[in-house]
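In: Any chance you can model this:
(4 chains)
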Protein chains: 4
Amino acid sequence: MMNVTFFQQLVDSISERGRELIGWGERGSSALDIQTLCNDLLSGRGEASGVALADEVFQIYAELDIADRQDFFRYLAESLNANPDKVLAAADAYRADPSPARLLALHLAAEPQRQELLRRLNRASGGTANLVRMRSDLLKLLPDFPELKVVDDDFFHLFSSWFNRGFLVLRRIDWQTPAALLEKIIKYEAVHEINDWPSLRRRLAPDRRCFGFFHPALVDEPLIFVEVALVKSIATQIQPLIDREQKELDPARADTAVFYSISNCQHGLKGVSFGNFLIKQVVAELQQELPQLKHFVTLSPIPGFMRWLNNERRTEHSSVLSDAQRTLLEQLDAPEKCGRTKNDAGQHAALQTELLSLAAYYFLQAKNPTGKPLDPVARFHLGNGARLERINPEADLSAKGLRQSAGMMVNYAYVLADIERNHEAYANDNTVVTTSAVRKLLRSDAASATTK
Amino acid sequence: MMNVTFFQQLVDSISERGRELIGWGERGSSALDIQTLCNDLLSGRGEASGVALADEVFQIYAELDIADRQDFFRYLAESLNANPDKVLAAADAYRADPSPARLLALHLAAEPQRQELLRRLNRASGGTANLVRMRSDLLKLLPDFPELKVVDDDFFHLFSSWFNRGFLVLRRIDWQTPAALLEKIIKYEAVHEINDWPSLRRRLAPDRRCFGFFHPALVDEPLIFVEVALVKSIATQIQPLIDREQKELDPARADTAVFYSISNCQHGLKGVSFGNFLIKQVVAELQQELPQLKHFVTLSPIPGFMRWLNNERRTEHSSVLSDAQRTLLEQLDAPEKCGRTKNDAGQHAALQTELLSLAAYYFLQAKNPTGKPLDPVARFHLGNGARLERINPEADLSAKGLRQSAGMMVNYAYVLADIERNHEAYANDNTVVTTSAVRKLLRSDAASATTK
Amino acid sequence: MMNVTFFQQLVDSISERGRELIGWGERGSSALDIQTLCNDLLSGRGEASGVALADEVFQIYAELDIADRQDFFRYLAESLNANPDKVLAAADAYRADPSPARLLALHLAAEPQRQELLRRLNRASGGTANLVRMRSDLLKLLPDFPELKVVDDDFFHLFSSWFNRGFLVLRRIDWQTPAALLEKIIKYEAVHEINDWPSLRRRLAPDRRCFGFFHPALVDEPLIFVEVALVKSIATQIQPLIDREQKELDPARADTAVFYSISNCQHGLKGVSFGNFLIKQVVAELQQELPQLKHFVTLSPIPGFMRWLNNERRTEHSSVLSDAQRTLLEQLDAPEKCGRTKNDAGQHAALQTELLSLAAYYFLQAKNPTGKPLDPVARFHLGNGARLERINPEADLSAKGLRQSAGMMVNYAYVLADIERNHEAYANDNTVVTTSAVRKLLRSDAASATTK
Amino acid sequence: MMNVTFFQQLVDSISERGRELIGWGERGSSALDIQTLCNDLLSGRGEASGVALADEVFQIYAELDIADRQDFFRYLAESLNANPDKVLAAADAYRADPSPARLLALHLAAEPQRQELLRRLNRASGGTANLVRMRSDLLKLLPDFPELKVVDDDFFHLFSSWFNRGFLVLRRIDWQTPAALLEKIIKYEAVHEINDWPSLRRRLAPDRRCFGFFHPALVDEPLIFVEVALVKSIATQIQPLIDREQKELDPARADTAVFYSISNCQHGLKGVSFGNFLIKQVVAELQQELPQLKHFVTLSPIPGFMRWLNNERRTEHSSVLSDAQRTLLEQLDAPEKCGRTKNDAGQHAALQTELLSLAAYYFLQAKNPTGKPLDPVARFHLGNGARLERINPEADLSAKGLRQSAGMMVNYAYVLADIERNHEAYANDNTVVTTSAVRKLLRSDAASATTK
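Out: Alright, predicted model coming up:
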C-alpha cells in the first residue's frame, strides 16, 4: 500500500522552496535546514504538509555527519523548551489555587516543545524506526555532552508511552520464521553467542522455544527475545542447552522450562523495560501449550561476581576473605585452573566449594548503596518476583563464563503464587528470597547476617 | 498466542486477596475495590503483577453501573493529581534557574498520576480498546459534570500520542474484506446511510474505493474511513454515487475521484484528528493506482446552511436578506417545494439562484467569532488546504439534504501544488480560497466585501 | 504474481497467425478456429507455447454461442478418439499375452485424445475453473445430444482424479470470512434458503458451524459446504435452527451437532462425490473442538415421500393403503390441513400418526429396483454408514416441506463405531439400519416384513 | 484444522480388526496386512472408511523393510491388473463397432486397478507426499526389477495429471522466506552447490531472483526452482554470479536476466516436466517487474562434452580429431592445465580455441540416434524453443566444471518471438538454432556439414 508519488512531490516542492529560502552550498547548510524544517513542522506548515515535512527531516538527518547531528541535538536541547513566562504564570496560578485543572495547565505549559516535535516526526513513514535510531545516536553522544540529557529524557518519556506493553505483540520465532528475521536473532543474541545457522536451528528445534516482543511500527525488528530449553529437571549447565549436536527431547516429556538467554535488541530503546513482561507472558504461553511443565527457571550468568571478588582480593583487610581463602583463590589467576582436568582434584573441589560459598555471600550479603544486591541480573529477576533457586558450579566453562563468574551460573525460579510476595519483600525490605540450600552455602560465620 | 492460564491464576489470586481485604456485599464495594486496585497498580504491586491487575480493573469497571462509574471518574479527577509540594518546589527551582533540565523536572512533577495510571491500564490485554470505551463513557458524563474534564484532558493527551499517524495502518476495504468488518462500515457510516448489504456491495464495486485507518491495538475496528467514487468529470449530485443500481464504470476510464463520505468511527477518540491524513494518503494511493486521474474533489454536505439562513430569516433587520429574498424563501417552508416537480418552474429556478447566492455569502462572508467560516465541514477542508471549488444546487434531495442545506452540496478540491499555500492563507489570514465561479455567485452588493 | 505481458504477447502473436491462416469474418470462423487451436495444442506447438494456446482456446470458447459450443463438443466427441488400428493391435497383443505390460499398453492406446487435450487445457491460468464451466455447459446439452456423453465421461474421469479428496482443503466459514465468499454461500444454499445477510449472520453465529471443501485451483469457490447447529438434545424441527431471531446457545453447553444443510456448489462437478468425506471430517473437527458433544445427527428432508405417497393414492388397489388411510389422507389435499391450527385436533393427530407409519414403510419397505430405499437422501446417508435414527412429524412446515414430505423430517445418526458395519450391511444386503423406535412406527401388519 | 481423533479411532478400530483377522507376530505379517488393506480399500470398506484405511496403509508401509516393500510393489504389479475377460470382451465390442462410446468402455476396462488404488490412497492426509515418496522407493528398485515398471507407469500417469501445470503455484523465494524452506533450497540445489547460509543470502539478494513451482498438496516442498542473476550484459562466467562477496547491482540498472541454475527437487516426480513452464513464466514475471530487461539467457553447463570428447580420443580413427588436436588435448589430462596460471600462455590459448571449436562440433554435428544433439541440457533448452547463443571458454573453473566440459559453459537465449519457430524447427527437423558466432567456431573442414 505504500506509495510516495503524492508525498514525494510534496516533499520535492518543499525541498525546492527550502533551498530557495536558505541557500545551499556552504558546509552546515543541512544542519541549518533541518532546524528550519523542524520549526516549520511545529508551525502551521506542519499541519498542512506534516507527513512530507517529517519525511524530509529524516532524509536530511540521515545525511548529517556526526558534528551536524550534535548541533541538531543541541538545537533540540536549547531552542525547543517551553515559554518561561507562560510556565511561571501557570505555576503562580497553581500556587494560588492548586486545583486539578490548574495542575494540568501547568503540566502542559511546562511540556518542552521537543515532545510535540517528536510526535510530529513520528508521523513520517518509518518515523518510529527513525526516531529509535536517532536516540541511539544521541545515547552515544551523552557521555561527552551531558547537557543533551534533557533531549534524551523526552525521547525516553515518549518511547515509554509508545512502547507500552499493550502495544507489543508476542510472536513465536522458529524454523518457519523468515530468514531475514532469524538473521537478526543471530545478530542480537547477547548472552550466549550463536555461531552459525545450524546452531540457530538447534535453538529453534522442537524442544526449544524462542519468543519475542514486536511493535507494529517496527516491522520485523524484535524488541527483545528470550530463548527457552525444555528439559527434564532443572538445568545446571549451559553447554547442553546450546550445543548444536545435543539430542532432541520430546517436548511432551519435559518437566522444566529453562530461560537461558534474554536479549534486548534496540539500543535506541535503552531503559524501556520489556523483560519483566516477556518472561511472565512466555511462562503463560508455555503453561498453556505444555501443561505438564512443573518448573520455570532461568539459567543466568553472574556478571559481577569476579569483579567483586577481585576487588575484595585487592582490598588489604577485606572482612570477606580469610587468608586460607585467598590462598585457595590463587588458582583462579591461571584461567585453566578452573577447568576439570585438574591434577589436584582435591584442590579443585575445595576451590569450587569456596566459590559457591562466596557466591552465596555475594548474592545475600554484599549490597550496593541502596541495599540491593550488587549483581544486575539478580536485581532484575528478584525485582520481577523470582526466587534465587540454586547456584551451580562449573556451569559455564567458556572463556566469558570463567572470566565473569569463575564458571558459576545461577537459577532464578518463577513461581506463580509467590511472585507478588517476593517482589514486595524485595522492593520494600531488600529481602533476597532464596532457598535453604543457597543459604547453607554461606559459611557459618557469615550466615548469621543473612537476610530472611 | 493469547493465553490466560497464568495471568488468570494471578488475577484470581489477586481478586481473592482483594475480597479478603476489602469485604464484599454492600453496594459500592466494587467502586471502592476499583480504586484500591488502581492505587495498587500505581504502587509496587503494579510492577510485579501489572498486567493482571490492569485486567482486573477492566473486569470490575465493566460491571459498574453509571453511578459507580461517575464515582470512579471523580476519584481519577480528585485523587490522582500530583504532589503539590513537589510541584511548587519544582516551580521555584525553575524560577531560580530556568534551565531545560529544570523545565523538564517541573513538567514531570506536574504530570497528574492519572497519566501513569492510564499507561499502566493500557498494559492489559485489550487495554487500549477498553480505555477508548472508558473515555466514551466519560464524554457522555462531561456535560453534566464539567469538573471531570481534567480526566478527559489526560485521556486526550495520551490518545493523541498513541494514535499518532505513524502508528496507523491504511487498509483498503472491499468485497474481499471479512463480513465482521463490513458490518461496522454499515454501522459507522455517518454521512449517507447504507441501507443494506447490496447497497454496501455497490459502494465497494470496482469503480468505488473505500479506505480506512486502523490501529494495531484495535483489531478489526476502523478509526475512520472514506468512500470514493471514480467517475468521469466532477460529480454534482450525490444520488448517482450511492444508488445501488448505478451502472459500473471501468475505473481505467475515470478522470475524477470524488470523496463523498468520511466517517469517524470511535466516539472515545473524539477530537483526535485523522481525516486530514487520511484524505491526503488516499489521494496518493489513487494517483499511484490510477495515474490518469485528474481531479480529486469531495462532494460534501453544508450542514450549517439552513440553520444560519433560518436564523437570518428570524432576524428582523438582517443585513443579509432583502424583502424580495424573504418572499422567495418562503417556498422553503414547505419542504416539497425544493423538489423538481414544480408547478411554477420559474419560481423554482429563481429560488435555486437565490440559494446559490446565499450559499456563496454563507461560505465567503459569514464568519464565526474567530473569523473563520461558519460551516464546520468547510473549516475542515479549508484547514486541510483544499479549495472551495463549486456549489451545486439540488445535489442531495434526501430529507436530510433538504433540511440541512435546501438540497445543495459543495465540492472541495485537493490540488497538490496549492495545499500548503491554501492552508497558510486560511490559517493566517482567514482567506477562503475559492474559484471565480463561486465568487460570481455573490450578489453584486455583497461581493464588494468578499475575501480575496 | 500474476503477469501476462509475456504470455499475452505470445497469445497475441498466435492469434495473429491464427487469423492469417484461417481468415475471419464469416460466421463460425471461431468455431473452426478453436478446433485448429485444439489440434495445435495436441501437436508440437502445444509443447512450445502450451499455456498461451490454452488461454487462447478459453478466450475463443467464452465468445462462442450455444450452437458453436455444440459444434465444439461434437468435434471433441468425434475427432479426438484413439487410433483404431493401434487400439486393435494393442488388443491383439494383449490377447496373445495378457501381461501387465500389455494391459497398460492397451489402456494407453485406448485413451481418447480428449483426455490429453483436457489436461493441456488445464495448464491455462484459470484452466480448471474454465473446464468446470465448460462441463456445466456440456451437461445442459446432454439430454438433447446423448452422443456427447463420451465427452462428459472424460471430463468426469479427469475431475474425479483432480478433485480427489487428498487435494481438497477444509475451511471453516464464519463471520470473519470475506463477503465475496459469503455471498456464494447465500447463492449456493440448496436446502433451506438464506433470505438475507442477517439470516446468514445467524447461521454463522458462535453456536453454528459452517465448513466447506475448497480446491486450490478454484480460488474462493466452495465445492460443497455443510451447516451445523450446536444444540441441546437432538433437534426435531428445522425452524429453530434457521430462525434469525433464535437465541444463541453457549457452544460449551451443547451436546449435539445437527447437520441441517449440505449443498453442492459446482454444477460442472456433478457426480464427483464430496459429501461423504465432508460429513466425516466435520464430525472429526467438532469432536476435537468440543469434546463434550455426544450426538452427531442430521436433520434431513424426505424429498421423495409425497411423490411416492401420492402415487400409491392414485393406484387403485395399492397394497400399502387401506380405505381408512385413504380417507384420513384427504386432509393433505388442502395444504393448510397439515398446519397446527386445526379445528379438529383429533383428526390432525390421527393424520400425523398415520404419516409417521407410512414414512416408516417408505424408508423400510418401499424399494427401488436395486433393492435400495426409494429416498435419495436416505440412500446417501445410509450408504455413508449412518443409521436412520428418528422420523419427526411437523418438522418443516414451510411450503416446500409440506409439499415434499407433509412436513416430516428425519434424523440420520453418525456413530463412529458402527459406520463401517452399517455401510456393509447396507451395501451387501440392502439392510436399512434403524432404531426400534422407527421400526415400531410400522403398522403391525406391515412390520412382519421389516428388514433387520 | 487437522484433527485426528475421529479418524484415529477409526484407524485404531480397523487395525484392531486387522490384527484379529490376520494374526501378528511372524515376519512378513505387515506385508500381508498391507495387501489386505489395499484390497479392502478397493472394496466397499474403502467407501465407508476410505481416508482411515488409506492412512493405515501408509503407516504400515512406512515400517516395511526393503524386502517387504519389494513384495508390496510386486503385489501391485501382479494382482491389481484388469479383468482379462472383460478387457477382451470390450476389445471385441470395439472391433465390431469402433464408436467413441466403445472406445471409452475399452479404455476403462483396461485400466489397471492400481490406478484406482493410488487415487484412493491419495485421500489420506499427506497422501500425495506419501505417494511421491513411495514412487521414489520404487524407482530405486526398477533397475534390478524391471517387471515393476508397469507400476511405475501408473504412478507416472497419475502424477502427470495431478501435477498438471494448472495446479502449480509459482512462488518467489527470497530472504523473507521461512528458513525451513530455504534449507531445502540449499539441499536441492543440483547445479552449483550452495555451501552455507551467507552464500544462499547472496543468491537471494536484491539483484538475484529465485522462483519455484509448488503444489498445494506438498506444503513447503518445492518441485523445481530456478535461480536468476540480474546483470549488465550477458554473463560469460559462473563465478561472479555465485560468489558470496560479489558486489550488488541495483536491479533497475540490469539489462540481462541470467538463468544460471535450475534444479528438480522431488525424485519421486522424475519425468514429470516442469522446467519448460517455469522458465517461461519466470521470464514473464521478470518482464513485468523490470521492463528494461533486454536479454533472457541461461548460463548452462555442458555435462556431456568431456565424456564425448574422451570417447573420441579413445577412438583410434575418429573422424573428429586430427593428430594436432590430439596432441593439444593432452593438456587436459593434467587437470591443472586448464587453469589460467599457465606457463605456456600460447599453448593454453591454442587449447581454448580448439575446445571452442570442438564444443561447436559437439552441439551442431554430433547427434544421438534420433538425430538430436548429444547434450541433455542442450536438448532441454532447444526443445523449449531457446537458441544456442554463445559458447564461453573458462566459464566454470570448478573441479566439476573442468571435469565435465573443460571449464566451458554455454548461453541459451529465450527470445519470445522465436520460441515457437525454434521449437518446431528443432522438433520436426532436428535443427539446432544458433548464432553465426557459434557457427564460426566450427573448423572450416567441419563447418560444411553444419545445420542451418
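
In: Could you check how many residues crowd around the closest residue to A:Glu245 other than its chain neighbours?
Out: For A:Glu245, ignoring the flanking residues on the chain, the nearest one in space by CB to CB, 6 or more residues apart in numbering or on different chains is A:Arg202 at 7.8 Å. No exception for glycine: its C-beta is placed from N, CA and C like everyone else's. Residues near A:Arg202, counting by other CB atoms under 10 Å in any protein chain shown, number 18.

In: Can you pull out the low-pLDDT segments for the stretch 301-450 of chain A?
Out: Where the stretch 301-450 of chain A drops to pLDDT under 70, the residues are A:335-343, A:443-450.

In: same check, this time on the stretch 151-300 of chain A
Out: For the stretch 151-300 of chain A, no stretch has pLDDT under 70.

In: Chain A against chain D: which residues are in contact?
Out: For chain A, the contact set with chain D under CB under 8 Å from any CB of the partner chain comprises A:175-180, A:182-183, A:196-197, A:201.

In: Check the gap between the residue nearest to A:Glu245 and D:Leu200 for me.
Out: Remark: distance between A:Arg202 and D:Leu200 (CB to CB, to the nearest Å) = 18 Å.

In: Around chain B, which positions in the stretch 151-300 of chain A sit nearby?
Out: Counting by CB under 8 Å from any CB, the stretch 151-300 of chain A sits next to chain B at A:153-154, A:157-158, A:160-162, A:164-167, A:169-172, A:216-217, A:276-277, A:280-281, A:283-285, A:287-288.

In: ok, how many other residues are close to A:Val151?
Out: Look at A:Val151: counted by other CB under 10 Å, it has 28 neighbours.

In: Next one: it from chain C, what distance?
Out: 45 Å (CB to the nearest CB, to the nearest Å).

In: tell me which residues in the strand or helix carrying that residue are buried?
Out: Using DSSP states H and E, A:Val151 falls within helix A:149-162. Buried residues in helix A:149-162, counted by 16 or more other CB atoms under 10 Å in any protein chain shown: A:150-159, A:161-162.

In: Equivalent analysis for stretch A:425-443, please.
Out: Neighbour-count burial for stretch A:425-443 flags A:425-427, A:432-434, A:438-439, A:441-442 (criterion: 16+ other CB under 10 Å).

In: Check whether it comes near chain B.
Out: Yes - Stretch A:425-443 comes into contact with chain B (CB under 8 Å from any CB), by way of A:427-428.

In: Need the residues that contact that stretch.
Out: A:356-357, A:359-361, A:363-365, A:367, A:370-373, A:378, A:382-383, A:385, A:387-391, A:418, A:422, A:447, A:450-452, B:44, B:47 (CB atoms under 8 Å, 6 or more residues apart in numbering or on different chains).

In: Could you check which residue of the stretch 151-300 of chain A lies nearest chain B?
Out: Here the stretch 151-300 of chain A gets closest to chain B at one residue, A:Ala284, 3.3 Å apart by CB to the nearest CB.

In: Packing partners of whatever helix or strand that residue lives in?
Out: Using DSSP H and E, the element containing A:Ala284 is helix A:275-289. In terms of contacts (3 or more CB pairs under 8 Å, 6 or more residues apart in numbering or on different chains; DSSP states H and E), helix A:275-289 is packed against strand A:169-172, strand A:208-214, strand A:222-231, strand A:256-264, helix B:5-22, helix B:44-63.

In: what's downstream of the third one, the next helix or strand?
Out: Downstream of strand A:222-231, the first helix or strand assigned by DSSP H and E is helix A:239-242.

In: got the CA coordinates for that following helix in PDB?
Out: The C-alpha trace of helix A:239-242 is given here as PDB (Å, rounded to 0.1, in the frame of the first residue of the first chain):
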ATOM      1  CA  GLN A 239      26.600 -26.200  27.400                       C
ATOM      2  CA  PRO A 240      24.000 -29.000  26.900                       C
ATOM      3  CA  LEU A 241      21.400 -26.300  26.200                       C
ATOM      4  CA  ILE A 242      23.200 -24.600  23.300                       C
END
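
In: Pull the distance from whichever strand or helix holds A:Leu139 to the chain's centre.
Out: Using DSSP H and E, A:Leu139 falls within helix A:127-141. From the chain centre to the centre of helix A:127-141 is a distance of 16 Å (CA atoms, centre = their mean, to the nearest Å).

In: which parts of it are buried?
Out: Buried, per 16+ other CB under 10 Å, within helix A:127-141: A:127-135, A:137-139, A:141.

In: measure the closest residue to A:Ala413 other than its chain neighbours to C:Lys86 for me?
Out: Spatial nearest neighbour of A:Ala413, excluding adjacent residues (CB to CB, 6+ apart): A:Glu389 at 4.1 Å. The spacing between A:Glu389 and C:Lys86, counted by CB to CB, is 81 Å.
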